[in-house]
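Enquirer: Return atomic coordinates for the entry below.
(chains A and B)
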Amino acid sequence: MIEALNLTKVFHDKKRGEIRAVDDVSFTCQPGQIYGLLGANGAGKTTTLRLLATLLRPTGGRATVAGFDTLAEPERVRASVGFLATSTALYGRLTARETIAYFARLNGMSDPAIAERVARLADELDLHEFLDRRVEKFSTGMKQKTSIARTLVHDPAVLIFDEPTIGLDVMTARNILRFVRDCRARGKTVIYSTHVMSEVEKICDTIGIIHHGKLVAEGSLAALRERFGQQDMEEIFVRAVGADKEEAA
Amino acid sequence: MNLHNIFTVYRKELRDSLRDRRTLISMIVIPTLMIPGLMTFAFVVSSKVINKAREEVPPVMVVGGDQSPLVRAALAADAKVRLVPFAGNWEQQISDKQLRAAVKIPADFDAALTQGVPTEVKILNYEGELRSGFAAGELRNFFNDYREKTVTARLAGRGLPPTLVKPFEVKTENVAPPEKVGGNLIGGMIPYMFILLCFSGAMYPAMDLTAVEKERGTMETILCSPVARTDLVLGKFLMVLTASLTTAVISLTSTGVTFAARGVFFGAADLAAAAKAGALPTLDPAGLLLVLAMVFPVAVLFCAVLLAVSLFAKTIKEATSYATPLIILIIIPAMMGLLPGVELNARLAMVPILNIALASKELVSGVFHWNYLALIFGSTCVYAAVALALCVRMFNREDVLFRT
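Expert: Presented below is the predicted three-dimensional model:
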């Protein structure tokens, strides 16, 4: 489970002054559920996810991930999380097998357990053909599959996806979405950030709309449709962030 | 601190780096080829230049001495110099290196010698120019001999023995072993090269493991793993240190091999000529190994500073622009150690890099000042520890890791 309570992150910039990238955000994501974090570029999605993954420390508020406090036990939080983003690249000079094994080892897995896990992930994700080839020679699809294997190697209870389909072709993006659904089916707690409306409609159980660092609307797709009186997710988003009023003005 | 995680990170970084062509070039190829190459080049050029200068019969000119045919004839008969006809622009000719030297002889020189009247000759050369120096030396030798012959002739004319004016000989003999002479000459360059190569060996891996990782996005990937940041930085640091020390060890080995194999590449005559010219230092093996030991904390210092600086950068381009000026900071104190007259003392033993340069110069010559060596090693260890602590601290700062 993920629980964020009044999560706040303030950055200080010499030119722009104080920037509240995440402003008093609270939400809960249950196991077996996909929580979609929807927002425009720069809305605060990535910062929120980095706070949950303990890459950043919150300025205010707190969060627990898989029962561990992100401030008190960051390493145990990371051991419970699989984080996949377009910004989380792979080491080009390692093979897929070496990459997966490296992250398994950092998660404290033994060599026999690593060998077994690599074989299983290779079967599930169809990695055998390129398992012992260097990542630098991979196609985007191969890289994505290897990244997924890297994310899942320690069988984390929580999965965090930060715009994982950005820049991918249709088939690769579909594979990613199928994989995210599989995670839900396995009872994982999944948080999925995107600015693609159709993805949210397809896979998310709960949607949180984030704008200028604030969570401006939250609920299931049905609840949001009812609240904003719109069927189309794009229209819901526009109304939630108040862009419709700005457009009218 | 988790040793398993530190070692896991280190092992991965080592494997990754050994597959990187640029790291291999800076870590192995440059030190393997650079020191032997430079030393061979220095040896070949210096011995050839010196030998050629020695073999030359220098053109010299007599200025004046019009009524002194005896001295002019004696000088013309000297096979070690070639007398050229007088020209008014002799000074310009010396400057243009067409003429090596000139000698001003008074018009009545011969007569003055016959009458026993004091007189003088003046040798004119181009100070600092090797061949001009040799020519002046030959002229000096000629006139010393000429003076001695004159004195001997005068004494003989009065029935007196030559020992009357030369009751004893004064001879100078070098008691410093050849390696100490050599060590202080070209040998001083070798530790300087070690220091530079230690730095350059660490430079690219430090950038590759930090700024390049940030640029490629692998830094965020590794930060998502449960490994503590301190373990992560220590694993990376060990890899950079490995690269730096490998560079130093390979430099040392290639230096040793070059010296051991010098007889294979050069003839005995060339070696003898080079040794005579001071172009062939014989280095103390124990001193060389001690240089390596002294370089260890310096390598730690370099690696920690380079890692911290490169981590701060967002891209390799930015990291290069930060690291390149550091080379100047290394070169200046290292070069100061090569200056004549700059000797190791307690105060200089505390100045990083300069202290190692000075100590290394002595070590390769086989001179061991243990108190200074302890002071240098201790102070450099303190600087290295501070730099490493700073580097670990940088890795724990999110404004550095996620600098935009």
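
Enquirer: where exactly do the strands run in the chain?
Expert: This is for chain A. Ranges of strands in chain A, per DSSP state E, are A:2-13, A:17-29, A:33-38, A:60-65, A:68-69, A:81-85, A:158-162, A:189-194, A:206-211, A:214-219.

Enquirer: switch to chain B, that's the one I care about
Expert: For chain B, the strands defined by DSSP E cover B:59-64, B:82-84, B:101-105, B:122-125.

Enquirer: Distance to residue B:246 and mean pLDDT added to those strands, as CSV?
Expert: (C-beta placed from N, C-alpha, C; glycine too.) As requested, the strands of chain B are exported to CSV (distance: least, Cβ to Cβ, whole Å; pLDDT from 0 to 100):
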stretch, distance to residue B:246, mean pLDDT
strand B:59-64, 53, 90
strand B:82-84, 55, 89
strand B:101-105, 51, 92
strand B:122-125, 49, 91
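
Enquirer: from those, which stretch is densest packed?
Expert: Among the strands of chain B, ranked by average contacts under mean count of other Cβ atoms under 10 Å in any protein chain shown, first place goes to strand B:101-105 (a mean of 23).

Enquirer: Determine how far it lies from the middle of the whole chain.
Expert: Computed by Cα atoms, centre = their mean, to the nearest Å, the chain-centroid distance of strand B:101-105 equals 36 Å.

Enquirer: Pull it out as CSV, backbone CA atoms only.
Expert: C-alpha atoms of strand B:101-105 as CSV (Å, rounded to 0.1, in the frame of the first residue of the first chain):
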residue,chain,number,x,y,z
ALA,B,101,82.2,32.1,-30.9
ALA,B,102,84.8,34.8,-31.4
VAL,B,103,88.0,35.8,-29.6
LYS,B,104,89.2,39.3,-29.2
ILE,B,105,93.0,39.4,-29.3
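
Enquirer: Tell me where the chain is predicted with low confidence.
Expert: All of this refers to chain A. Applying pLDDT under 70 to chain A flags residues A:243-249.

Enquirer: Actually, chain B is the one I wanted.
Expert: B:174, B:176-188, B:262-284, B:404.

Enquirer: Name the residue closest to the centre of it, please.
Expert: Geometric centre of chain B, nearest residue: residue B:189, 2.5 Å, by Cα atoms, centre = their mean.

Enquirer: interface residues of the stretch 201-350 of chain B facing chain A?
Expert: Those residues of the stretch 201-350 of chain B that sit near chain A, judged by Cβ under 8 Å from any Cβ of the partner chain, are B:216-218, B:220-221, B:223-228.

Enquirer: hmm, which of these are the buried ones?
Expert: Buried residues within those, defined by neighbour count using 16 or more other Cβ atoms under 10 Å in any protein chain shown: B:216, B:218, B:220-221, B:223-228.

Enquirer: on that earlier part again, of the strands of chain B, which is nearest residue A:200?
Expert: Of all those, it is strand B:122-125 that lies closest to residue A:200, at 89.9 Å by Cβ to Cβ.

Enquirer: so which of the buried ones among the residues of the stretch 201-350 of chain B next to chain A would you say is closest to residue B:403?
Expert: When these are compared for distance to residue B:403 (Cβ to Cβ), residue B:220 wins out at 12.5 Å.

Enquirer: Enumerate every residue touching the closest residue to the residue nearest to the centre of chain B other than its chain neighbours.
Expert: Distances taken as Cβ to Cβ, 6 or more residues apart in numbering or on different chains place residue B:338 nearest to residue B:189, at 7.0 Å, with adjacent residues excluded. The neighbours of residue B:338, taking Cβ atoms under 8 Å, 6 or more residues apart in numbering or on different chains as the test, are B:188-189, B:192, B:357, B:361.

Enquirer: tell me which of these is nearest to chain A?
Expert: residue B:192 (33.3 Å; Cβ to the nearest Cβ).

Enquirer: I figured the closest one hits residue B:334, correct?
Expert: Yes - assessed by Cβ atoms under 8 Å, residue B:192 is found in contact with residue B:334 at 5.0 Å.

Enquirer: Touching both of those two, which residues are there?
Expert: When contacts are counted by Cβ under 8 Å, 6+ apart, residue B:192 and residue B:334 have residue B:357 as shared neighbours.

Enquirer: for residue A:233, what are its contacts?
Expert: A:197-198, A:200-201, A:221.

Enquirer: Please tell me how far residue B:100 sits from chain A.
Expert: Residue B:100 is 60 Å from chain A, where distance means Cβ to the nearest Cβ, to the nearest Å.

Enquirer: roughly how far apart are that residue and residue B:57?
Expert: Using Cβ to Cβ, to the nearest Å, residue B:100 is found at 10 Å from residue B:57.

Enquirer: Compare the two (neighbour count), which wins?
Expert: Just comparing residue B:100 and residue B:57: by other Cβ atoms under 10 Å in any protein chain shown the higher neighbour count belongs to residue B:100, 29 against 13.

Enquirer: which residues sit in contact with that one?
Expert: B:58-60, B:94, B:125-126, B:131-132, B:134-136.

Enquirer: Contact residues of chain A facing chain B?
Expert: For chain A, the contact set with chain B under Cβ under 8 Å from any Cβ comprises A:50, A:53, A:55-57, A:75-76, A:78-79, A:81, A:83, A:85-94, A:98, A:102-103, A:105-108, A:134, A:150.

Enquirer: Just the buried subset of those, written out for PyMOL, thanks.
Expert: Restricted to buried positions by 16+ other Cβ under 10 Å, the PyMOL selection for the residues of chain A next to chain B reads:
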select buried, chain A and resi 50+53+55+56+75+76+78+79+81+83+85+86+87+88+89+90+91+92+93+94+98+102+103+105+106+107+134+150
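
Enquirer: In contact with the residue nearest to the centre of chain B, which residues?
Expert: Residue B:189 neighbours (Cβ under 8 Å, 6+ apart): B:38, B:42, B:338.

Enquirer: if you set the cut-off to 10 Å instead, what comes out?
Expert: B:35, B:38-39, B:42, B:281, B:338, B:361, B:364 (Cβ atoms under 10 Å, 6 or more residues apart in numbering or on different chains).

Enquirer: so which of the residues you listed is the most crowded?
Expert: Top of the contacts of residue B:189 by neighbour count (other Cβ under 10 Å): residue B:364, with 31 neighbours.
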